[in-house]
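**Student:** here is a sequence together with a model predicted from it:
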Amino acid sequence: MVTGRVFSEASLGWVDAIVWAIVAAWVVLLGVFLLVGLNADDPGLPLLLFLMVIGVAVLGLLMVVMRTLLRQATTLRTDMAAVI
């Protein structure tokens, strides 16, 4: 097992893939929410879908913040390796 692989440039590609998967899921969920919301007779299912849309949006924003932190940690690790 190789240590330190988390803070490498290769890990950023995986994080980008995760972020884009969350964005795709949010777009699909938003489409379902709009389709169901415009045709619904009762507020139960649209409310549940709305909460899910908000939840996935929060998860996506959290992943964007985590991606930024990973990029900063990778940069700091590269700088520290250059100094040492």
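**Tutor:** Yep, it's here.

**Student:** element containing the closest residue to residue 50 other than its chain neighbours?
**Tutor:** In this structure, residue 50 finds its nearest non-sequential neighbour in residue 33, 6.2 Å apart by CB to CB, 6 or more residues apart in numbering. Backbone N, C-alpha and C define where each C-beta goes, glycine included. Assessed by DSSP states H and E, residue 33 sits inside helix 9-39.

**Student:** now that helix: buried residues?
**Tutor:** By neighbour count with 16 or more other CB atoms under 10 Å, helix 9-39 contains the buried residues 11, 15, 19, 22, 26, 29-30, 33.

**Student:** and the very next helix or strand once past it, what other elements does it pack with?
**Tutor:** Per DSSP H and E, the first helix or strand lying C-terminal to helix 9-39 is helix 44-83. Here helix 44-83 touches helix 9-39, going by 3 or more CB pairs under 8 Å, 6 or more residues apart in numbering; DSSP states H and E.

**Student:** so what's residue 7 scoring on pLDDT?
**Tutor:** Predicted confidence (pLDDT) for residue 7: 75.

**Student:** so it touches residue 73, yeah?
**Tutor:** Yes: Residue 7 is within contact range of residue 73, at 5.4 Å (criterion: CB atoms under 8 Å).

**Student:** higher neighbour count, these two?
**Tutor:** residue 7 (16 against 13; other CB atoms under 10 Å).
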